[in-house]
Structure formats: structure tokens, C-alpha cells
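**Q** Based on what follows, work out the 3D shape:
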Amino acid sequence: MYIIIYIIKNISSIIIHGGKVLKVLVINCGSSSLKYQLMDMDNESVLCKGAIERIGLEIKGGEENVIIKKGGDKFTYDKELPNHTDAFNEVKYILSESEYKVIDSFDEVDAIGHRVVQGGDKYTKSVLATKEVVEAVKELSPLAPLHNPANIQGYEACLNVVGPSVPQVFVFDTAFHSTMPAKAYMYAIPYKYYEKYGVRRYGFHGTSHKFVSNRVANRIGKDISELKIITCHLGNGSSLAAVKNGKVVDTSMGFTPLDGFMMGTRSGAVDPSAVTFIMKKENLTPDEMDTILNKKSGVMGVSGISSDDRDICKAQNEGDDRATLAHEMQAYEIAKTIGSYITAMNGVDAIVFTGGIGENGFWLRSTICSYLGFMGVKIDEELNKKTVKGAEAELTKETDRVRVFILATDEELMIAQDTKNVVENL
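**A** Predicted structure coming up:
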């Protein structure tokens, strides 16, 4: 009965548009941050976006924690906001009342879409946020303790401010990977740990992988159901996905975002015995070891310089051996993963680079592709060096057997599209 009443209340806000969702607000919450983006779905344009940082924290002199991006302009100011409800009230004020406003009233917002990191086995697609769904997502929090609680905070903040009249939708990072077969997502540990605790490969960055795989199919001019695509989301956190005929058959991140290949501060896959060996030698607790693997390893740990790829490139150009080693290890591990996915799909039609490093790291792209010469991959090196972040480019020729692309991801647009589809089909 609750769900029926909830849906009736939610759809009332879009009846005036004839059932059509015109404006969607996308929310992505962290434990002390709230990113927002208001989109006009009539033409899929961004009306305003920004972020509120340091929620619940003291704002010291000179720290401007409220960020607004409207058109080509950026505005910032500082304001202490004790909790996410206060932060969302500030977003509401910015969008509909402030000097930066882009709508006359918050009533113009037809739906709100939330990024939710972990949907477990339960949620394989985006869903309307009902009381039942919210409780289920809370129960999944042990699988994503840093993310799911914050995502729920964002939902509850919106509910506190606008009430149930505006439908809210959960878009799950794990959903796109839910098509993986058991042979890809199961770990070779006692099966009871999967049954009792849900220990298995889930994969993350699903919204990004879904967006760029569909985008490359459009670029190629074929239906995604006809293609074998490897998507490389490379940033401070990185993952690859093997997308065969529009469905994920494997992905590099696992039970948590720590698995896979080395990243900015994450180790990626490591011999489990090496982990327990270090713990015993250093007398470390599980939490201390978790911090080392997640925050002190990867490119940062090997180089001893930084987790920022720009710093590593600079050091490498200056002849730093450990920076060079970190880069070489990263490229090698990514290339190995690509090779394994070519095997898993029995071929590949396109490889896509996206994310901050995927779009900017020309050295990494070049080195990764150099391992794929056996497939006939030969990229345009001059174009590879010239391409800048946000620009789309094909580094190969239309006639090549394997085509290589740089595409900017747009997770917020993907969330907005899913939100629109869910609400319009209630």
C-alpha cells in the first residue's frame, strides 16, 4: 500500500507536463560532499552544475566550499553547512532563488537521480527510490561502507527539503556489470562466503562504462548488440570492462574498487599471501593494511612522488626512475587486462579510453596500444599527443580491424537519462 501511495504522489509532479520529464537534478553525494547537476532533458543540456564540499566541517579562512558552474562561468563562495539537508537547501537556493538561478521555482524539477555505488545482486537496473528500496540499499552498506551511507544521506536530504512530491531514482554503479556470468564474478574461495556475505566480483564505474560503450557504438555506426568493446575508465580510480553485444562479460574491479590493476593510490590485485606476510612483519591491523592498500599504494606507492598522473609525467620526463617504473607497470597491467578481455570475448572491435587519465594521458595510451600490435592496432601518434580532455577522437582508421577511440564520459547524463526513463514509465 505504501509503495502505491508513494508512486501516486511522485507522479503528480509530472502530470502537468503530460507525463514527460523535462528537468532532472542529478545528485552524487560523498560523506562530506554533494555534487549536483541540473539538466534540461528536452535537449539534454546542462543548466547549472557544481559542488558543495566540507559538509559538516569547519570552513577556514579562504576556503570556498560552494562551487557553481553556469554556462562558461564559475562562481565560488564559503558557507558552513552542518549536514547534507542544509547542503541540499543551498542547492535549491542556488538553482531557484540566488543571483545564479536558472529556474524560477524548484517546482520545475520533475525528478532527482542519485548515484548509488553498490546495488549488490538485488538491483540490476535503475529503480524508483521507495521506502523498501532505501532500506535494501542501507542493508547493502557493508559492501560499500564509504559510499552507500553517503548516497542515502543525499536521498534523505532531498526528501527532507522537497518531500515525496518529486520522484527520486537510484542509479547503481554496479547495475551495468550485473550481466557477468558466474564464472567471471565468483572467487575461488569457499562458496559459503558468497552465500553468507555476498563476496563476489561486482565491478564499479558501471555508469561510465555504459555511457562510453553506447557512445562508441554510435560513432562506429553499428548497434551495440553487434560489437565487442573494451572500455578503459582511467583516473585516480580505474577499471576496464569487456562489453560483448551490449552486455558486460567481465570487469576489473571486484568485491571492492581495490581489485584490478594499479591505480593512483590503490594497489590493484596483489598476492593475498603478500598482504598477510606484510601484516605479520609490520604487526598491522586489518584497518591499517586496508589503508596501505587503498591510500598508500599504486602509482603513489611505487613512485614515492604523487598519485596525480601529471606529477608522474613531469618526473618521468625529468628522468626519475621510479616514476618511469610506476608508469610502465600501470601500462603493462592495463594491456594485460585488455589482452585477457580479447580472449574472453573471442575478439574485439573497439577499445575506448575515457576518464581523466584516459582522456589526457597520451603516453599511457600510446604504451598500452604498443602491446596490441599483434592485433593490427596502430594509432595515429601525432593525433594521440594533440587530443585534449573533453575532445573526442578516433586514433585509428575506419578500415582498421580494431578501432581505438578517446571519448569523454558523461556519468551525469547517463544518470539523468535513466532517471527520466524510470519516472516516465511508472
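**Q** Any regions of the stretch 1-150 of the chain where pLDDT drops low?
**A** 1-18 (pLDDT under 70).
**Q** One more pass at 90, please.
**A** Residue ranges of the stretch 1-150 of the chain with pLDDT under 90: 1-21, 30-32, 57-63, 143-147.
**Q** can you give me the helices for it?
**A** Shown for the stretch 1-150 of the chain, the helices assigned by DSSP state H, counting those that start in this stretch span residues 2-15, 84-96, 131-139, 148-162.
**Q** now the strands: where do they sit in the chain?
**A** For the chain, strands defined by DSSP state E occupy the ranges 23-30, 33-40, 45-52, 66-70, 73-77, 111-116, 127-128, 168-172, 228-233, 239-244, 247-251, 350-354, 393-394, 403-406.
**Q** V377: which of the ones you listed is closest?
**A** Across these, V377 has its closest neighbour in strand 403-406 (6.4 Å, Cβ to Cβ). In short, each C-beta sits where N, CA and C put it, glycine included.
**Q** Give the pairing partners of that closest one; include direction for each.
**A** Using DSSP bridges, strand 403-406 pairs in its sheet with strand 350-354 (parallel), strand 393-394 (antiparallel).
**Q** what does the average pLDDT come to for it?
**A** Strand 403-406 shows a mean pLDDT of 98.
**Q** centre of the chain versus it, how much separation?
**A** 20 Å (Cα atoms, centre = their mean, to the nearest Å).
**Q** With stretch 65-84 instead?
**A** Centroid displacement of stretch 65-84 relative to its chain, using Cα atoms, centre = their mean, is 22 Å.
**Q** same question, stretch 49-66
**A** 22 Å.
**Q** Please, where are all the helices along the stretch 151-300 of the chain?
**A** 182-185, 192-197, 206-220, 272-282, 286-295, 298-303.
**Q** right, and those helices - which one's nearest G373?
**A** helix 206-220 (21.2 Å).
**Q** sorry, back to before: S105: which of the helices of the stretch 151-300 of the chain is closest?
**A** Of all these, helix 206-220 sits nearest to S105, with 29.1 Å by Cβ to Cβ.
**Q** That closest one packs against which elements?
**A** In this structure, helix 206-220 packs against strand 228-233, strand 239-244, strand 247-251, strand 350-354, strand 403-406, helix 411-424, with contacts taken as 3 or more Cβ pairs under 8 Å, 6 or more residues apart in numbering; DSSP states H and E.
**Q** so which of these gets nearest Q153?
**A** helix 411-424 (17.0 Å).
**Q** which parts of the closest one are buried?
**A** Burial within helix 411-424, assessed by neighbour count using 16 or more other Cβ atoms under 10 Å, is assigned to 411-420, 422-424.
**Q** neighbouring contacts of that helix?
**A** Contact with helix 411-424 is made by 10-11, 14, 19-21, 24, 26, 28, 37, 39, 41, 44, 46, 49, 110-115, 126-128, 167, 169, 171, 207-208, 210-211, as judged by Cβ atoms under 8 Å, 6 or more residues apart in numbering.
**Q** same question, stretch 376-384
**A** Taking Cβ under 8 Å, 6+ apart as the rule, stretch 376-384 contacts 351, 362, 365-366, 369, 393, 395-396, 400-402, 404.
**Q** Lovely, talk soon.
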